[in-house]
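1. Just to be clear, the model below is a prediction. Sequence and coordinates:
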Amino acid sequence: MSIWIDKNSRILVQGMTGKYGQYHTRMMLEYGSNIVAGVTPGKGGEEVLGVPVFDRVEEAVAQTGANVSIILVPARYAESAIFEAALAEVPLVVCITEHIPIQDMLRIMAYLKERPVRLLGPNCPGLITPGECKVGIMPGPVHIPGSVGVVSRSGTLTYEVAKSLTNANCGQSTVVGIGGDPIHGTNFIDVLSAFEEDPETELIVMLGEIGGDNEEKAGEWLKANSSKPAIAFIAGQTAPTGKRMGHAGAVIRGGKGTAASKIESLRDNGVQVVRKIADIGPLAAKLLGK
Amino acid sequence: MLIHEYQAKQKLQEYNIAVPKSYLITRDEEIIHVLRKIETPTAVIKAQVHAGGRGKAGGVVVAESLLDGITAVRRLLGSKLVTNQTGADGKPVNAVLVEEGVNIDQEFYLAFTINRSSQCISLLVSTAGGMNIESKEHASSIHQYDVDPQIGMRDFVAIRVCQDLMLPRKDWPAWISTLQNLYRCFTENDALLIEINPFIRSKEGKWIALDAKIDFDDNALFRHEDLIMLADDRQQTESELLAAHYDLSYISLDGTIGCLVNGAGLAMATMDAIKESGGEPANFLDVGGSATTISVANGLDILYHDHRVEGVFINVFGGIVRCDIVAEGIIRALQKQSKDLPIVVRLEGNMKEEAIAALKAFSSNIDFVDSLDSGAALIVQRINERKKA
């Protein structure tokens, strides 16, 4: 079991014909993901890596039954790409694109409130259900199937943690990157709720970072609703106030959003917060009785 | 993208927000000529730097005479202003704004910002204007309003603000138009922050923005060519400009250990691990999740160019990126360097062995580690060994 994607997911790639899009389409196909369509305006009728390309998302969905879209278009076209997928009511839209203007995201989020569509990201690595399906840009081989649900605001840091878990023989049910932007479609609590309902997920690993109060809210949610143990790591303990640390959302403002306050809040809510990434694998093994 | 106060005030004027009568001085020979134009008993002299905390750092002076004014402008112009937000090196004062004095009757705090939790633009107002609004004792006095993007800053929204501030009815029209103009300025220019502190009523009954801070969304500059012109490179360090030129994400910190990492989250975790090992990171440097030969080589150039850097820790989680490509970038950069710094390299991913073999063949001076934590500990140790030697 897993959350949101599995071997039956039918994937559509928006921006498939570009260099970046083609590369990651190939990587996803090699992982075994079921990619049924690509969309690039003006390139309808072509084929990339054996996958048919359409001009518009609506056509692609109508003809292929795609139910997940991954967006790999440049930032200035991303707002339109997300609107198009949402209008076609693709249930899960995964936006990898970084550097989308924040007011574009405000318009998108206002619109999505009324739609049965989940947006993951933007500025995220996507998600993977190891051994079944990858909708993202993460390296497949560092993951193995299992019972740890991972949710993270980061990309490479998540790969690092997946490797730590895999080395400790703790496989993952699904690994979800929610992205490093301040305005994002799916937050920690959305993912934690799905993990709570997934019978295969036995343990949760949460990777947070400075900025905002998403981690604090997640901690409160876990205490009130979760029956599963949770481990957390917060990046940015040495980050200065007022500077954006790479991710647009990773910024401490007016003393709020510090790593220290997040760690304290998570601990108060019963989450085990580790200080070193490498401790995550061994601690997970211990909690799972391995 | 931050802009200077004088630029922010010009932007506000475009949106019919009143600001004090002012002059900008950028050259010594203009000083007396400009100051003589001031018609009020006092003049306010303000250093133009991209940082807050100017008042406490001596960057804002109220001059009561022409001579006072000349002395203050002379002292500031061409100096470096160190505030609690600039770091030890300070920011260069290349321009000084001279404003006519204003008789303040009442001060307010007024800001539009992006609210991450409610995912909309928020208005913040307070009657505690002029104060350090972020301090705890004033936090409770701030009224916050989330603006529904589909409704916008309508009259009834603004009237609610006037009521909460207990403003007399005669002030409502001025506030309604101010709030509507500011909201339009925010949305039309893809701002992240517009802060007016203080927004004041003068004794003559005028509403004036005495200070202004605007931050625009870098990611939206592609559709605002006019805003790109407002950038001031001189407010950034050489390392920051190099990084911007190479399209890398870089932030200068106060320590001595240069770190080069792929991915922002991993870069922060690497800084934390260095601190945990007793060291201090000199920077945050993210060469991008999918590091390339060129991004790694450029990143290393920046670290070697920084005279404070005493050792380098390279932490790249290859994954999809091949490690031999990263190694090529390291070699390309080091070939040009005569500086002999200790280097610790941690590579993970495809072609790791080949990459390490290539680096070993290139130099016997590089240490290799298998994990982030051991790498952080080793670079701290290497730097300490050199200091003792």
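-> Sure, I can see it. Residues are numbered from 1 along each chain as shown, chains lettered A, B, ... in the order given.

2. Residue ranges in the stretch 1-150 of chain A under the pLDDT threshold?
-> A:1 (pLDDT under 70).

3. what's the closest non-adjacent residue to the residue in it that chain B sits nearest to?
-> For the stretch 1-150 of chain A, the residue closest to chain B is residue A:139, as judged by Cβ to the nearest Cβ, at 3.2 Å. Every residue, glycine included, has its C-beta placed from N, CA and C. Once flanking residues are discounted, residue A:139 sits nearest to residue B:319: 3.2 Å by Cβ to Cβ, 6 or more residues apart in numbering or on different chains.

4. Can you get me a residue count around the one you found?
-> By other Cβ atoms under 10 Å in any protein chain shown, 29 other residues sit near residue B:319.

5. what about it, which helix or strand?
-> Using DSSP states H and E, residue B:319 is not contained in any helix or strand.

6. same check, this time on residue A:28
-> Assigned by DSSP H and E, residue A:28 belongs to helix A:19-31.

7. what element comes up after that helix heading to the C-terminus?
-> Helix A:19-31 is succeeded, C-terminally, by strand A:35-39 (DSSP H and E).

8. now the helix or strand just after that following strand: how far from the chain's centre is it?
-> Later in the chain than strand A:35-39, the nearest helix or strand by DSSP H and E is strand A:47-48. Its chain's C-alpha centre and that of strand A:47-48 lie 26 Å apart, by Cα atoms, centre = their mean, to the nearest Å.

9. and the stretch 51-200 of chain A, which of its residues are near chain B?
-> A:75-76, A:99-107, A:109-110, A:125, A:137-139, A:142, A:152-160, A:163, A:180, A:182-183 (Cβ under 8 Å from any Cβ of the partner chain).

10. how close does residue B:185 get to residue B:191?
-> Between residue B:185 and residue B:191 the computed distance is 7 Å (Cβ to Cβ, to the nearest Å).

11. Tell me the helix or strand right after the helix or strand bottoming out on mean pLDDT in chain B.
-> In chain B, no helix or strand scores lower on mean pLDDT, DSSP states H and E than helix B:136-139, which sits at a mean of 58. Along the chain past helix B:136-139, the next helix or strand (assigned with DSSP H and E) turns out to be strand B:143-147.

12. helices and strands around that following strand, which ones?
-> strand B:120-126, helix B:155-164 (3 or more Cβ pairs under 8 Å, 6 or more residues apart in numbering or on different chains; DSSP states H and E).

13. relative to helix B:155-164, how tilted is that strand?
-> With axes from the mean of the first three to the mean of the last three Cα atoms, to 10 degrees as the basis, strand B:143-147 and helix B:155-164 are set at 170 degrees to each other.

14. Any figure for the gap between residue B:291 and residue A:109?
-> Taken as Cβ to Cβ, the span from residue B:291 to residue A:109 is 31 Å.

15. So if I had to pick from the two, which one is more boxed in?
-> residue B:291 (27 against 18).

16. Remind me which helix or strand that one belongs to.
-> Using DSSP H and E, residue B:291 sits within no helix or strand.

17. One more: residue B:205?
-> Under the assignment here (DSSP H and E), residue B:205 is part of no helix and no strand.

18. Can you classify the closest residue in space to it that isn't next to it in sequence by secondary structure?
-> What sits nearest to residue B:205 in space, not counting adjacent residues and going by Cβ to Cβ, 6+ apart, is residue B:105, at 7.8 Å. With DSSP: H, G, I helix; E, B strand; the rest coil as the basis, residue B:105 sits in strand.

19. Hmm, residue B:105 is touching residue B:200, no?
-> Yes. With contacts counted by Cβ atoms under 8 Å, residue B:105 reaches residue B:200, the gap being 7.2 Å.

20. what about the two, which has more around it?
-> Set residue B:105 next to residue B:200 and count neighbours by other Cβ under 10 Å: residue B:200 wins out with 23 against 12.

21. Is that one in a helix, a strand, or coil?
-> Once three-state DSSP is applied, residue B:200 turns out strand.

22. List the beta-bridge partners for it.
-> The partner list for residue B:200 in beta bridges (DSSP bridges) reads residue B:107, residue B:208.

23. quick one, what contacts it?
-> Residue B:200 is in contact with B:102, B:104-108, B:129, B:207-208, B:210, counting by Cβ atoms under 8 Å, 6 or more residues apart in numbering or on different chains.

24. repeat that with 7 Å
-> When contacts are counted by Cβ atoms under 7 Å, 6 or more residues apart in numbering or on different chains, residue B:200 touches B:102, B:104, B:106-107, B:129, B:208, B:210.

25. In PyMOL, how would I select just the buried ones from those?
-> Remark: buried members of those, expressed as a PyMOL selection using 16 or more other Cβ atoms under 10 Å in any protein chain shown:
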select buried, chain B and resi 102+107+129+208+210
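
26. quick one: which of the contacts of residue B:200 is nearest residue B:4?
-> Comparing the contacts of residue B:200 against residue B:4 with Cβ to Cβ places residue B:210 closest, at 15.2 Å.

27. just checking, that closest one touches residue B:198?
-> Yes. Between residue B:210 and residue B:198 a contact is recorded at 5.3 Å, counting by Cβ atoms under 7 Å.

28. Need the outlier residue of chain A, farthest from its centre.
-> Centroid-distance maximum for chain A: residue A:45 at 30.6 Å, with Cα atoms, centre = their mean.

29. Spatially nearest residue to that one, not counting backbone neighbours?
-> Take residue A:45 and drop its neighbours on the chain: the residue closest to it by Cβ to Cβ, 6+ apart is residue A:53, 7.0 Å away.

30. okay, now the residue of the stretch 1-150 of chain A closest to chain B: neighbour count?
-> 24.

31. Contacts only, for it.
-> Here residue A:139 is in contact with A:159, B:319-320, B:349 (Cβ under 7 Å, 6+ apart).

32. Next: residue B:62.
-> B:42, B:44.

33. Partner strands of the helix or strand containing it and their direction?
-> Element membership for residue B:62, per DSSP H and E: strand B:60-63. Applying DSSP bridges, strand B:60-63 is found paired with strand B:43-47 (antiparallel).

34. I'd like the average pLDDT over the partner strand.
-> Strand B:43-47 shows an average pLDDT of 97 in the prediction.

35. Put the alpha carbons of the helix holding residue A:28 into CSV.
-> This file holds the C-alpha atoms of helix A:19-31, laid out as CSV (Å, rounded to 0.1, in the frame of the first residue of the first chain):
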residue,chain,number,x,y,z
LYS,A,19,15.2,18.6,-22.8
TYR,A,20,14.5,18.5,-19.0
GLY,A,21,11.1,17.0,-19.6
GLN,A,22,12.4,14.3,-21.9
TYR,A,23,15.2,13.4,-19.5
HIS,A,24,12.9,12.9,-16.5
THR,A,25,10.3,11.2,-18.6
ARG,A,26,12.9,8.6,-19.5
MET,A,27,14.0,8.3,-15.9
MET,A,28,10.4,7.7,-14.7
LEU,A,29,9.8,5.2,-17.5
GLU,A,30,13.0,3.3,-16.5
TYR,A,31,11.7,3.2,-13.0
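
36. Over to the residue nearest to residue A:195 when sequence neighbours are not counted: give its phi and psi.
-> Of all residues not flanking residue A:195 in the chain, residue A:149 sits nearest, at 3.9 Å (Cβ to Cβ, 6+ apart). Dihedral pair for residue A:149: phi -90, psi 130, per degrees, to the nearest 10.

37. how close does the nearest residue to residue A:156 once chain neighbours are set aside sit to residue A:116?
-> Excluding its sequence neighbours, the residue lying closest to residue A:156 (Cβ to Cβ, 6+ apart) is residue B:263, at 3.0 Å. With the distance defined as Cβ to Cβ, residue B:263 ends up 32 Å from residue A:116.

38. Those two: who's more crowded?
-> Between residue B:263 and residue A:116, counting by other Cβ under 10 Å, residue B:263 is the more crowded of the two (31 against 9).

39. May I ask you to confirm that the more buried one is in contact with residue B:289?
-> Yes. Using Cβ under 7 Å, residue B:263 is in contact with residue B:289, at 4.7 Å.

40. which residues touch residue A:44?
-> Residues near residue A:44 by Cβ under 7 Å, 6+ apart: A:53-55.

41. Show me what the residue most central in space within chain A is bridged to.
-> The C-alpha lying nearest the average C-alpha coordinate of chain A belongs to residue A:177 (Cα atoms, centre = their mean; 2.5 Å). Per DSSP bridges, the residues bridged to residue A:177 are residue A:152.
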